[in-house]
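J.: sharing a model prediction with you, sequence too.
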Amino acid sequence: MDQPQAYLNGRFLPAPSAAISLTDSGFVLGAAVAEQLRTFGGRVFRLEDHLLRLERSLEVIGVDPRLASDRLAEIARELVARNHRLLAPGDDLGLSIVVTPGPYPAYAGSEPREPTVCLHTYQLPFHLWAEKYQTGQALVTTDVEQVSPRSWPPSLKCRSRMHYYLADAQADAVEPGARALLLDREGFVTEASTANLAVVRDGGLIVPPRAKVLPGISLAQTLELAGALGIPTSQRDLRPDDVASADEVLLTSTPLCLLPVTRFDGRPVAQGLPGPIYRRLMTAWNERVGLDVVAQAERFARRSDAA
């Protein structure tokens with residue numbers, strides 16, 4: 001029976017057999033950089049942009065993966081090709097690329113300290129967000145702060161995300177199903193958990209200063225689409241009041257592309273419904289990726305029911 005494949009430290013193998021050592025720094029310390037990608041129609045979306053961000057993250061932590069970006073791109077495309085054929089027609093994959101410094105010396109003894117490089121795919125969990133394209137996502141401000149740039153730069157995409165976990169748990173306790181909005185030490189808006197944020201005011205998109213947030217690939221795509229549609233874009237510091245009083249609020253992230261926020265801190269955003277800028281941008285997203293993002297999510301939200 002066909003099994004999904006993974007890539008681990010130089011070889012392809014059945015995904016259930018891919019195992020990382022208990023002494024690996026990624027397991028012991030959470031010291032891992034990662035990129036989350038997805039496919040549209042079986043093709044990896046903006047792979048080169050993700051690999052450039054991965055390269056910059058690796059430079060921050062001082063790890064050489066012993067693989068050039070073009071070779072990583074080849075591995076990613078081959079892995080996706082192997083696993084996409086196992087899906088039902090019309091379905092798509094998530095792709096995770098994870099690199100760690102390798103064995104943690106205090107635990108690993110004399111084990112050679114080579115970096116760990118792993119790529120694996122997974123079925124996109126559309127059920128987590130499919131209905132929210134229509135109803136919207138709720139956001140709640142929490143008292144869990146965004147990681148200080150004195151700890152690591154906002155441009156570093158890493159797996160050390162305990163603050164997201166704690167913030168989302170707090171948000172869900174306030175309003176079931178809500179996600180967390182994180183502020184910095186000065187009280188400015190940074191990001192939602194695992195998503196960039198933009199507000200709509202007077203027909204234009206406003207995002208937090210790019211130097212203060214993770215450079216999201218889907219956010220970049222959304223801003224490019226906005227420019228093509230003649231929607232003004234700008235960046236400035238935002239307070240929670242700017243979110244509460246916005247005409248629309250949007251989230252962007254790789255798996256879901258674009259999502260409307262319709263509730264913030266227990267109150268509706270504007271009319272509490274997805275707005276016209278969201279609808280225009282989602283139509284542009286569909287044209288860019290060559291499929292109906294919302295229809296795909298709704299179709300495969302319960303894969304046992306999917307044709």
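T.: Yep, it's here.
J.: who touches whatever residue is furthest in space from the centre of the chain in this structure?
T.: Going by CA atoms, centre = their mean, the residue of the chain most distant from its centre is Ser110, 36.0 Å out. Ser110 makes contact with no residue, according to CB atoms under 8 Å, 6 or more residues apart in numbering. C-betas here are computed from N, CA, C, even on glycine.
J.: Glu145 belongs to a strand?
T.: No. Glu145 sits outside any strand when classified using DSSP: H, G, I helix; E, B strand; the rest coil, being coil.
J.: from Ala211, how far out is it?
T.: To Ala211, Glu145 is 17 Å away according to CB to CB, to the nearest Å.
J.: who has more neighbours, those two?
T.: Glu145 (15 against 11; other CB atoms under 10 Å).
J.: tell me which residues touch that one, please.
T.: Counting by CB under 8 Å, 6+ apart, Glu145 touches His163, Leu182, Leu183, Asp184, Arg185.
J.: check it and give its pLDDT.
T.: On pLDDT, Glu145 comes in at 95.
J.: for the residue farthest from the centre of the chain, which three-state class applies?
T.: Once three-state DSSP is applied, Ser110 turns out coil.
J.: narrow the contacts of Glu145 to those in strands?
T.: Leu182, Leu183 (DSSP state E).
J.: tell me the domain ranges of the protein?
T.: Per automatic domain parsing, the structural domains of the chain span 5-124, 132-297.
J.: among the ones you listed, which is nearest Arg303?
T.: domain 5-124 (7.0 Å; CB to CB).
J.: now the closest one: mean pLDDT?
T.: 96.
J.: can you give me the helices in the protein?
T.: Secondary structure of the chain (DSSP state H): helices located at 25-28, 47-61, 69-84, 105-108, 132-135, 162-174, 217-229, 240-244, 276-289, 293-300.
J.: number of residues surrounding Arg263?
T.: Neighbours of Arg263 (other CB under 10 Å): 19.
J.: quick check: bridge partners of it?
T.: Per DSSP bridges, the residues bridged to Arg263 are Ala138, Pro268.
J.: I figured it hits Gly177, correct?
T.: No. Counting by CB atoms under 8 Å, Gly177 is not a contact partner of Arg263; they are 9.6 Å apart.
J.: what touches both of these two?
T.: Common neighbours of Arg263 and Gly177 (CB under 8 Å, 6+ apart) are Ala138.
J.: return the residues in contact with Gln146.
T.: Taking CB under 8 Å, 6+ apart, one finds His163, Leu182, Leu183, Asp184, Thr190, Glu191 in contact with Gln146.
J.: pull out the buried members of the contacts of Glu145.
T.: His163, Leu182, Leu183, Asp184 (16 or more other CB atoms under 10 Å).
J.: how about TSV for the residues you listed, with distance to Leu291 and pLDDT added?
T.: Output for the buried ones among the contacts of Glu145, formatted as TSV (distance: CB to CB, whole Å; pLDDT from 0 to 100):
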residue	distance to Leu291	pLDDT
His163	34	94
Leu182	31	97
Leu183	36	97
Asp184	37	96
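J.: and which of these is nearest Thr252?
T.: Closest to Thr252, out of all of the buried ones among the contacts of Glu145 and judged by CB to CB, is Leu182, at 15.3 Å.
J.: how near is that closest one to Phe188?
T.: Going from Leu182 to Phe188 by CB to CB gives 10 Å.
J.: over to Gly62?
T.: 29 Å.
J.: looking at those two, which is more packed in?
T.: Per other CB under 10 Å, whichever of Gly62 and Phe188 has more neighbours is Phe188, with 17 against 7.
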